[in-house]
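# this one's structure only:
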Ligand SMILES: *Cc1c(COP(=O)(O)O)cnc(C)c1O
């Protein structure tokens, strides 16, 4: 078979090549590699797209999470509730600040944090909840916001996988007190290297984030706080600024492909949408009982697939202290979940081969 990419970044580049090459050249010729006009312009476009007052570009989704936690003043011995079924960065940054991630289970409908299970995890030390928008669909952030307001704890959205999704017309990264996203190359809006952003309607939070990501500096060589270098490269901002214009069109294409998968795949559990929610399908992930067999057959035909994620964070060696707790939905899902090829540039013929192959082997 011809080359079959999991996410077709090459076809995407070919499509926008002229504009992207020009944007990169302009940064190089300006020699403004850090900060400058292009970064300010990108941050303004980002804030407008999401519908928030402030968007702050930063060096990755991971540093966005770290900056959000720092801006909220999370410190040693504080507790932060996070789902176990996520990429490690969500909980890792909590631990890096010497606070304690408290792992919640997910629900088996949209694979997001199980809202009913968090009440009993809240105590006097709880300072925040990080709600992850898994595979491209937000959890019910309006309900979670009310819950957090009532308990006087902060809500952070980890929207690394959901940039462009919405809940009742409100965009991902616009509902929580502070939101984070990633522009890792394979995310729905991907840079050509590492990049991320933090969002908030609160100017004080945004100013703190800007200070922390630039060594706590308030004026040149005047350092008010201990921060780090978490800045977004201007070249990445320029590339993202071009790609942002085409994001909605790409999301539309991804949804059409997800529809085609949904209508034709048999003997698997399909991804589901809550009423009033959209997904950007950062991953199109199904559940199958005989996952090993399915992967073996896909591999033999040169069809790429991926497991997001094979092990809940509460069972990772890095979180050894938590290895005794049991989170049944996370444990079940990590055995059955399988992500299929998905991008706005996925060929019709490739979609058909995926469907035919899966339908021949998958068992519920
Ligand atoms: C990708 C991802 C991150 C980390 O983003 P990076 O840009 O790779 O640092 C964090 N959380 C989730 C849920 C992710 O999918």
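Received the coordinates, thanks. Source: prediction; values computed, not measured. Residues are numbered from 1 along each chain as shown.
# Going by contacts, tell me the helices and strands next to the strand with the most length in the chain.
For the chain, the strand with the greatest residue count under DSSP state E is strand 126-132. Under the contact criterion of 3 or more Cβ pairs under 8 Å, 6 or more residues apart in numbering; DSSP states H and E, the helices and strands touching strand 126-132 comprise strand 79-83, helix 89-96, helix 141-151, strand 154-158. Every residue, glycine included, has its C-beta placed from N, CA and C.
# Output the ones you listed as a markdown table; include the columns distance to the ligand.
Formatted as a markdown table, the helices and strands packed on strand 126-132 follow (distance: least, Cβ to the nearest ligand atom, whole Å):
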| stretch | distance to the ligand |
| --- | --- |
| strand 79-83 | 9 |
| helix 89-96 | 4 |
| helix 141-151 | 15 |
| strand 154-158 | 5 |
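# Can you lay out these as JSON lines showing distance to residue 194, mean pLDDT and mean neighbour count?
Shown next, in JSON lines, are the helices and strands packed on strand 126-132 (distance: least, Cβ to Cβ, whole Å; pLDDT from 0 to 100; neighbours: other Cβ atoms under 10 Å):
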{"stretch": "strand 79-83", "distance to residue 194": "22", "mean pLDDT": "98", "mean neighbour count": "26"}
{"stretch": "helix 89-96", "distance to residue 194": "12", "mean pLDDT": "98", "mean neighbour count": "22"}
{"stretch": "helix 141-151", "distance to residue 194": "26", "mean pLDDT": "98", "mean neighbour count": "16"}
{"stretch": "strand 154-158", "distance to residue 194": "16", "mean pLDDT": "98", "mean neighbour count": "25"}
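# Using a markdown table, lay out the ones you listed together with distance to residue 14.
Supplementary listing: these in a markdown table, determined by distance: least, Cβ to Cβ, whole Å:
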| stretch | distance to residue 14 |
| --- | --- |
| strand 79-83 | 37 |
| helix 89-96 | 31 |
| helix 141-151 | 36 |
| strand 154-158 | 31 |
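# Tell me where the model's unsure across this protein.
Within the chain, the ranges that satisfy pLDDT under 70 run 1.
# Now do the same contact list for the residue nearest the centre of it.
Nearest to the centroid of the C-alpha atoms of the chain, with distances taken as Cα atoms, centre = their mean, sits residue 160, at 1.6 Å. Shown here is residue 160, whose contacts under the criterion Cβ atoms under 8 Å, 6 or more residues apart in numbering are 61, 64, 87, 89, 132-133, 180-182, 184, 187, 196, 282.
# Narrow the residues you listed to those in helices?
Using DSSP state H, the subset of those located in helices is 61, 64, 89.
# Return the residues of the protein in contact with the ligand.
By Cβ under 6 Å from any ligand atom, the residues of the chain that approach the ligand are 60-62, 86-87, 89-90, 132, 158, 160-161, 182, 184, 194, 196.
# rerun that using 5 Å as the cut-off
The interface of the chain toward the ligand, taken as Cβ under 5 Å from any ligand atom, is made up of 60-62, 86-87, 89, 132, 158, 160-161, 182, 184.
# Please identify which of these is nearest to the ligand.
The shortest gap between the ligand and any of the residues of the chain next to the ligand belongs to residue 61, at 2.4 Å (Cβ to the nearest ligand atom).
# Excluding sequence neighbours, find me the nearest residue to that closest one.
Once its chain neighbours are removed from consideration, residue 61 has its nearest residue in residue 182; the separation is 2.4 Å (Cβ to Cβ, 6 or more residues apart in numbering).
# Name the member of the contacts of residue 160 with the most neighbours.
Neighbours here mean other Cβ atoms under 10 Å. Within the contacts of residue 160, the largest count is held by residue 64, at 35 neighbours.
# Mind listing what's buried along the host helix or strand of residue 39?
Applying DSSP states H and E as the criterion places residue 39 in helix 37-50. By neighbour count on 16 or more other Cβ atoms under 10 Å, the buried set for helix 37-50 is 38-39, 42-43, 45-47, 49-50.
# Next: stretch 315-323.
Counting neighbours by 16+ other Cβ under 10 Å, the buried set in stretch 315-323 is 315-316, 319, 322.
# Kindly report the same for stretch 229-248.
Burial within stretch 229-248, assessed by neighbour count using 16+ other Cβ under 10 Å, is assigned to 230-244, 246-247.
# List the ones among those that fall in helices.
Restricting the buried residues of stretch 229-248 to those inside helices, with DSSP H as the criterion, leaves 234-244, 247.
# No further queries at this time; thank you.
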